[in-house]
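>>> no sequence for this one, just the structure:
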Ligand code: ATP
Ligand code: ZN
Ligand code: MG
């Protein structure tokens, strides 16, 4: 959409602006419109797209300015350029700039407004009107908001919402990459039900949470061992331990702060650890047998962040703000040190869509070529693993958010390789497909977000792959069933005889 801006603001000086300064102001306005505001603007930019001062007047100590612009030297940028210039001029008359007061800021966006667009509701938006071909905004912004580029970010946000709305409910563009040979499936039951029946798992007390008994755990470890042997060791990934409590700062830098809120498990901390402060809570429980949630709510701060959602963001502060030597790239690491948590709400299903799950996360960094090469090596090894070792019926597909799949959204060299490939396995009992892992090439998103550079100055990219143990287990058991002797030999051999430990009368 094409933006048009208009802005009225007062530059307030330390004393009354004398008449003898007026010609200088006059000249400054003239010069700003003809020279200053054109700096950095392409030669072929249409005249009325470039910021200009359309009105100015002096009253006492205030110089009131009205500016308009299109997309070039937007009114707030123009205002700051002019402020610097005119402050220098009036300095010669021993008058200092004291304040900048924005009295009116309007934005008009022209272009087709997609149906279903919901304009943001934010404190900076005083009023917003939406027609079929234009959006009119009146903003309540301070000078500090303008310095923080609030209007630019707001417009970007509205454009993003418009792009997303234009593709309606379709959230992902899905494109098949590989399909394994079809296989005969003699087993056609939901494996979760059978795992419960056999006492392999039991519901835990939190939602979407299971207690995995010895056999189920053994199968997790079997898959882990296979991943170590077939993927991690041959490709030289080294183990690290990433934190599992994620403060806002990490999600601000990873970009998750742009939208992860509906699925977070939030984390809060006590206002104090003074036992006396908490005594009434403990006493209430002792007397009633109930935990007083409301009383606790009053006594905690935060949330300070949430539990691990995606595993890799928590790695990045390890290298954040540094410059890596050339010879440590490509770097390949992995984490399997703890649980991930997502509030899946009504989506919970079996062991495969849960609120608490276990994943091995592979992470790699390098030049764009190195990053893509690692992704390709992974695809190759995964394919062998699923076809020849686990003997699954599976497929892989490139998934891209719909509005990004459109031309122009992913620009820059090699950018066609940025994105996610999902791995899916067929579930014979429901004749549907389950995503059990993925491989992503993330471009420079994380290095940029966490400010990581390379000695040589070349571009730094990264990728990650999340191997979901619950999803592997669900896919494997759904296809192979529970006759252990029917399982592929490498799984059977490692699984051994997983003894039950608990027997119930
Ligand atoms: P889905 O579309 O199935 O919800 P997703 O796109 O949210 O999956 P990602 O964010 O790509 O999943 O997470 C990477 C991997 O983490 C998945 O491939 C899967 O193995 C695992 N995973 C994600 N959410 C869950 C969950 N709720 N329960 C179990 N495993 C999960
Ligand atoms: Zn990741
Ligand atoms: Mg999900």
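Done, it's in. Computed from a prediction, not measured in an experiment: that's the story for all the values here. Numbers count the residues shown, from 1 in each chain. Ligands and ions are numbered 1, 2, ... in the order given.
>>> Now whichever strand or helix holds residue 269: buried residues?
Per DSSP states H and E, residue 269 falls inside strand 266-270. The neighbour-count check on strand 266-270 (16 or more other CB atoms under 10 Å) flags residue 267 as buried. Where you see a C-beta, it was placed from the backbone N, CA and C, and this is true even at glycine.
>>> who does whichever helix or strand comes after that strand touch, helix- and strand-wise?
Sequence-wise, the next helix or strand downstream of strand 266-270 (DSSP H and E) is helix 275-288. Applying 3 or more CB pairs under 8 Å, 6 or more residues apart in numbering; DSSP states H and E, we find helix 275-288 packed against helix 293-298.
>>> model confidence over the helix it packs on, on average?
If you average the pLDDT over helix 293-298, you get 98.
>>> Then stretch 22-34?
Mean predicted lDDT for stretch 22-34 stands at 95.
>>> which residues are in contact with it?
Applying CB atoms under 8 Å, 6 or more residues apart in numbering, the contact partners of stretch 22-34 are 17, 52-53, 56, 58, 63, 78, 81-82, 85-86, 89-90.
>>> and the residue lying closest to residue 284 once chain neighbours are set aside, how many residues sit next to it?
Leaving aside its sequence neighbours, residue 284 sits nearest to residue 292 (CB to CB, 6 or more residues apart in numbering; 4.6 Å). Using other CB atoms under 10 Å, residue 292 is surrounded by 16 other residues.
>>> so residue 292 makes contact with residue 281?
Yes: the pair residue 292 / residue 281 is scored as a contact, 6.0 Å apart, by CB atoms under 8 Å.
>>> check contacts around residue 162.
Taking CB under 8 Å, 6+ apart, one finds 1, 113-114, 117 in contact with residue 162.
>>> now it: how far from residue 134?
As judged by CB to CB, to the nearest Å, residue 162 and residue 134 stand 12 Å apart.
>>> Can you check which residues contact both of those two?
residue 113.
>>> before we move on, back to that, would you mind pulling the contact partners of the strand holding residue 269?
Counting by CB under 8 Å, 6+ apart, 245, 277-278, 299-307 sit against strand 266-270.
>>> Of the residues you listed, which belong to helices?
The members of the contacts of strand 266-270 that map onto helices under DSSP state H are 277-278.
>>> Reformat the contacts of stretch 22-34 as CSV; add neighbour count, pLDDT and distance to ligand 1.
Formatted as CSV, the contacts of stretch 22-34 follow (neighbours: other CB atoms under 10 Å; pLDDT from 0 to 100; distance: CB to the nearest ligand atom, whole Å):
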residue, neighbour count, pLDDT, distance to ligand 1
17, 20, 94, 59
52, 19, 97, 47
53, 21, 98, 49
56, 18, 97, 53
58, 17, 96, 58
63, 25, 97, 53
78, 25, 98, 43
81, 16, 97, 44
82, 25, 97, 47
85, 15, 94, 50
86, 22, 95, 52
89, 14, 90, 56
90, 22, 91, 56
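>>> among the contacts of strand 266-270, who's most crowded?
residue 306 (24 neighbours).
>>> Now it: closest residue in space that isn't a chain neighbour?
Per CB to CB, 6+ apart, closest to residue 306 is residue 264, 4.0 Å.
>>> Within its local environment, how many residues does the one you found see?
Every residue meeting other CB under 10 Å relative to residue 264 is counted, giving 18.
>>> ok, it touching residue 343?
Yes: using CB under 8 Å, residue 264 makes contact with residue 343 at a distance of 6.6 Å.
>>> May I see the buried residues of whichever strand or helix holds residue 249?
Assigned by DSSP H and E, residue 249 belongs to helix 248-254. Within helix 248-254, the residues that count as buried by 16+ other CB under 10 Å are 250-251, 253-254.
>>> Columns distance to ligand 2 and pLDDT on top of those residues, output as TSV?
Listed next are the buried residues of helix 248-254 as TSV, based on distance: CB to the ion, whole Å; pLDDT from 0 to 100:
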residue	distance to ligand 2	pLDDT
250	12	98
251	13	98
253	14	97
254	9	96
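>>> out of the residues you listed, what pair is the most spread apart?
Distances among the buried residues of helix 248-254 were taken as CB to CB; the most separated pair is 251 and 253, at 7.4 Å.
>>> Which neighbours do those two have in common?
residue 313.
>>> Could you list everything the residue in the stretch 351-500 of the chain that ligand 1 sits nearest to pairs with in the sheet?
Residue of the stretch 351-500 of the chain nearest ligand 1, by CB to the nearest ligand atom: residue 468 (2.1 Å). Bridge pairing for residue 468 (DSSP bridges) gives the partners residue 359.
>>> Pretty sure it sits against residue 354.
No: using CB under 8 Å, residue 468 makes no contact with residue 354, being 9.9 Å away.
>>> Write out the residues of the stretch 401-505 of the chain neighbouring ligand 2.
Within the stretch 401-505 of the chain, the positions near ligand 2 by CB under 5 Å from the ion are residue 464.
>>> quick one: the strands in the stretch 401-505 of the chain?
Assigned by DSSP state E, counting those that start in this stretch, the strands in the stretch 401-505 of the chain fall at 419-427, 432-441, 453-454, 461-468.
>>> could those strands go into CSV alongside distance to residue 369, mean pLDDT and mean neighbour count?
CSV is the format used below for these (distance: least, CB to CB, whole Å; pLDDT from 0 to 100; neighbours: other CB atoms under 10 Å):
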stretch, distance to residue 369, mean pLDDT, mean neighbour count
strand 419-427, 17, 97, 22
strand 432-441, 11, 97, 20
strand 453-454, 13, 98, 17
strand 461-468, 9, 98, 25
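>>> Looking at the ones you listed, which is nearest to residue 260?
It's strand 461-468; of those, that one is closest to residue 260 (CB to CB) at 14.9 Å.
>>> Tell me what angle that closest one forms with strand 419-427.
20 degrees (axes from the mean of the first three to the mean of the last three CA atoms, to 10 degrees).
>>> which parts of this protein sit against ligand 1?
342, 344, 352-354, 357, 359, 435-438, 466, 468, 470-471 (CB under 6 Å from any ligand atom).
>>> That concludes my questions; thank you for your assistance.
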